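Undergrad: Make a model of this:
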Amino acid sequence: GSFDAARDYGRLLSRMSSLCAPGADVLICLNSPLLDEAFLRDRVAEYWPEAQFCERLAGRADFPERDTDAALKVLHYRAPS
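TA: Below you'll find the predicted structure:
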């Protein structure tokens, strides 16, 4: 089947504790112009609240985006130790 971020991201995030080693670095990505960074951060807070937000990785300097919320979003999280 296909992955629908709005429908399926919560289900994926709710399984992260069983999929990640303690202290693992996790990149959570979304390439949808319709869903912003807040969408991802809200889903992590709801479905994997013990994860620690580290940073949003910047896009390419040689290819600047007009709207960072419509661009590729790459968020770095750390699994609990």
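
Undergrad: CA only for contacts and neighbour counts going forward, please
TA: Fine.

Undergrad: which residues in the protein form strands?
TA: Counting by DSSP state E, the chain has these strands, from start to end: 25-30, 52-56, 73-78.

Undergrad: Let me know which of the ones you listed is tucked in deepest.
TA: Compared across those, strand 73-78 shows the largest average neighbour count, a mean of 19 (mean count of other Cα atoms under 10 Å).

Undergrad: send the alpha carbons of that strand over as CSV?
TA: Output of strand 73-78 as CSV, limited to C-alpha atoms (Å, rounded to 0.1, in the frame of the first residue of the first chain):
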residue,chain,number,x,y,z
LYS,A,73,11.5,18.9,6.4
VAL,A,74,14.2,16.9,8.1
LEU,A,75,14.0,16.9,11.9
HIS,A,76,16.7,15.3,14.1
TYR,A,77,15.4,13.5,17.2
ARG,A,78,17.1,11.3,19.8
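
Undergrad: Each with direction, which strands does that strand pair with?
TA: Strand 73-78 has these partner strands in its sheet, going by DSSP bridges: strand 25-30 (antiparallel), strand 52-56 (antiparallel).

Undergrad: now the helices for the protein?
TA: Here the chain has its helices, by DSSP state H, at 5-14, 16-19, 37-47.

Undergrad: looking at these, which is buried most?
TA: Mean neighbour counts were taken over the helices of the chain using mean count of other Cα under 10 Å, and the top value, a mean of 16, falls to helix 37-47.

Undergrad: quick one on the thing from earlier: Throw the helices of the chain into a markdown table and include mean pLDDT and distance to T68, thanks.
TA: What follows is those, written out as a markdown table (pLDDT from 0 to 100; distance: least, Cα to Cα, whole Å):
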| stretch | mean pLDDT | distance to T68 |
| --- | --- | --- |
| helix 5-14 | 95 | 18 |
| helix 16-19 | 94 | 26 |
| helix 37-47 | 97 | 9 |
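
Undergrad: Make JSON lines out of those and add distance to P64.
TA: As requested, those are exported to JSON lines (distance: least, Cα to Cα, whole Å):
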{"stretch": "helix 5-14", "distance to P64": "24"}
{"stretch": "helix 16-19", "distance to P64": "31"}
{"stretch": "helix 37-47", "distance to P64": "17"}
